[in-house]
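[1] I'd like to go over a predicted model; first the sequence, then the structure.
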Amino acid sequence: MRISLQKCSKTACSVLSKRPILSPKKPKSEGEATSFIDYRRVRCQAGNGGNGMVSFFRGYRKPFGGPDGGDGGHGGHVVFRASRSSKDLSTVHSIVRAQNGEFGRSKSCHGKSADHKEVEVPLGTVFKADGNTIFELNNENDMFIAARGGVGGRGNQFYVSNEVRKPFKAEYGGEGEELIYDVEMRVMATAGLVGFPNAGKSSLLRAISRAKPKVASYPFTTLHPHIGVVFYEDFEQIAVADIPGLIEDSHLNKGLGISFLKHIERCESLWYVLDYSTGSLTDQYKMLRVELEGYQKGLGDRASTIVINKIDLSGKSPEEEAHHLSSLFPNLPVFPVSAQQRIGLEPLLEHLREQYDK
């Protein structure tokens, strides 16, 4: 039996590829949501080398066998390796320690060298020291030796010569390096949700993905960024980040502002989530831009999108409100949505796919 396969038209394929899966079949978990870690300060401690041994062989019918002290083993390195399977820095501990090499022993037994301590990190991880970039891991299986292990010490057998037949000396093992790095992810999401507290950022992330950030009626319910993944029918997966809410003078570190703002610079595009119920939408947008520019010059110039949440409170459809709201932001794409009622989400996710493809 023959089965004929027909190619779909270019228009139909493009529509199919941009159609998001808004209701995944797999249900959300019942447990507490885990926060996304995109920054760590890590102390890397490499292993020390093993000491050499001072020993002389004594055996049956060979009472003066000579020196037989073995060498010590090398200490392990601390190595970071880029892996696509790693999504954030939650598996990287604040102290990463490698094992020490074993001491040398008698009868010419050398100590065992320690295994290297290997830690997997996401692609695009940056290592900084004193504010300067030391290394970047941009490709799969790229490796960075953060701290080198100490060399094993020589035993007294190494020092035997015609002049010195009975050496009574051996070496101590070398000390491993101990260095501190600021480990950061260069890019953590395609789009970052930026807004004031209780603007509905966490609710929006819940509506478009399987992420489960905490949602409550009081401000600062989100203290750490959360990542949600939007799935498309062509099996593409796009990450969206929920950034903790900003307040006025956040760039002056008011209300933990600096710790929140540093997450925004690791997003490729910015979605300004404005609260329709509080009014003054243009003032909200201007205040957010001031905070971003105050923290880092040019941060607000990234690709931007206006998302006006809680549009269901207006009593009108998103299509009726779209024309009026677009006139408030003439140079930016505007999407009136309701995260709670799941209104206007499909055009927003099609826009997300267009940003990702660009």
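    In hand now; what should we look at?
[2] Next, count neighbours for Asn156.
    Using other Cβ atoms under 10 Å, Asn156 has 24 neighbouring residues. All C-beta spots, glycine's among them, are computed from the backbone N, C-alpha and C.
[3] For it, give me its contacts.
    Shown in contact with Asn156 (Cβ atoms under 8 Å, 6 or more residues apart in numbering): 52-55, 67, 69, 167-170.
[4] Nearest to Ala114 among those residues?
    Ranked by distance to Ala114 (Cβ to Cβ), those are led by Gly52 at 16.0 Å.
[5] wait, doesn't the closest one sit right on Arg154?
    Yes - taking contacts as Cβ atoms under 8 Å, Gly52 lies within contact range of Arg154: 4.7 Å.
[6] Give me the common contacts of these two.
    What both Gly52 and Arg154 touch, as defined by Cβ under 8 Å, 6+ apart, is the set 71-72, 170-171.
[7] taking the contacts of Asn156 one by one, which sit in helices?
    Among the contacts of Asn156, none falls in helices (DSSP state H).
[8] bridging residues for the closest residue in space to Lys201 that isn't next to it in sequence?
    Nearest residue to Lys201, sequence neighbours excluded (Cβ to Cβ, 6 or more residues apart in numbering): Leu193, at 4.2 Å. Counting by DSSP bridges, Leu193 is bridged to Asp242, Trp271.
[9] picking that back up, so which of Gly52 and Arg154 has more stuff around it?
    Neighbour count, other Cβ under 10 Å: between Gly52 and Arg154, Gly52 has more, with 27 against 23.
[10] how far away is the more buried one from Gly70?
    Distance of Gly52 to Gly70, computed by Cβ to Cβ, to the nearest Å: 7 Å.
[11] Same question for Lys62.
    Per Cβ to Cβ, Lys62 is found 18 Å from Gly70.
[12] And those two? Which one has more around it.
    Comparing Lys62 with Gly70 by neighbour count (other Cβ under 10 Å), the higher total belongs to Gly70, at 26 against 9.
[13] Isn't that one up against Ser108?
    Yes - with contact defined as Cβ under 8 Å, Gly70 and Ser108 form a contacting pair (5.5 Å).
[14] if we can go back for a sec, give the burial count for the residue nearest to Lys201, as a bare number.
    Neighbour count for Leu193, taken as other Cβ under 10 Å: 29.
[15] Can you check which residues contact both of Gly52 and Gly70?
    Common neighbours of Gly52 and Gly70 (Cβ under 8 Å, 6+ apart) are 104, 155.
[16] could you flag which of the shared contacts of Gly52 and Arg154 are buried?
    Buried members of these, scored by 16 or more other Cβ atoms under 10 Å, are 71-72, 170-171.
[17] Kindly present these as a markdown table, with separate columns for distance to Asp130 and pLDDT.
    Shown next, in a markdown table, are those (distance: Cβ to Cβ, whole Å; pLDDT from 0 to 100):
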| residue | distance to Asp130 | pLDDT |
| --- | --- | --- |
| Asp71 | 36 | 95 |
| Gly72 | 33 | 95 |
| Ala170 | 38 | 92 |
| Glu171 | 33 | 93 |
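[18] So which of these belong to strands?
    Taking DSSP state E, every one of these sits outside strands.
[19] Among these, which one lies nearest to Val240?
    Gly72 (51.8 Å).
[20] wait, what's in contact with the closest residue to the closest one other than its chain neighbours?
    Leaving aside its chain neighbours, Gly72 sits nearest to Gly50 (2.8 Å; criterion: Cβ to Cβ, 6+ apart). For Gly50, the contact set (Cβ under 8 Å, 6+ apart) comprises 71-75, 100-104, 111, 152-153, 173.
[21] Out of those residues, which is nearest to Gly228?
    Among the contacts of Gly50, and counting by Cβ to Cβ, the member closest to Gly228 is Gly75, at 41.9 Å.
[22] So that closest one is in contact with Gly47, correct?
    Yes - counting by Cβ under 8 Å, Gly47 is a contact partner of Gly75 at 3.0 Å.
[23] which residues are common contacts for those two?
    98-101, 114, 149-150, 176.
[24] nearest to Ile306, of those?
    The nearest one, if we look at those relative to Ile306 and count by Cβ to Cβ, is Ala98, at 49.3 Å.
[25] want to throw the contacts of Gly50 into a markdown table with secondary structure and distance to Asn162?
    Output for the contacts of Gly50, formatted as a markdown table (DSSP: H, G, I helix; E, B strand; the rest coil; distance: Cβ to Cβ, whole Å):
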| residue | secondary structure | distance to Asn162 |
| --- | --- | --- |
| Asp71 | coil | 21 |
| Gly72 | coil | 25 |
| Gly73 | coil | 29 |
| His74 | coil | 29 |
| Gly75 | coil | 33 |
| Asn100 | coil | 35 |
| Gly101 | coil | 30 |
| Glu102 | coil | 31 |
| Phe103 | coil | 28 |
| Gly104 | coil | 23 |
| Gly111 | coil | 27 |
| Gly152 | coil | 25 |
| Gly153 | coil | 23 |
| Gly173 | coil | 28 |
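[26] tell me which of these is nearest to Leu281?
    Among these, Gly75 lies closest to Leu281 (Cβ to Cβ), at 59.5 Å.
[27] Quick one: residues contacting that closest one.
    46-50, 98-101, 113-114, 149-152, 173-174, 176.
[28] Please narrow the residues you listed to those residing in strands.
    Using DSSP E, none of the contacts of Gly75 sit in strands.
[29] May I see the ChimeraX selection of the buried members of those?
    The following ChimeraX line selects those of these that are buried, judged by 16+ other Cβ under 10 Å:
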select :46,47,48,49,50,98,99,100,101,113,114,149,150,151,152,173,174,176
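[30] Cool, thanks, signing off.
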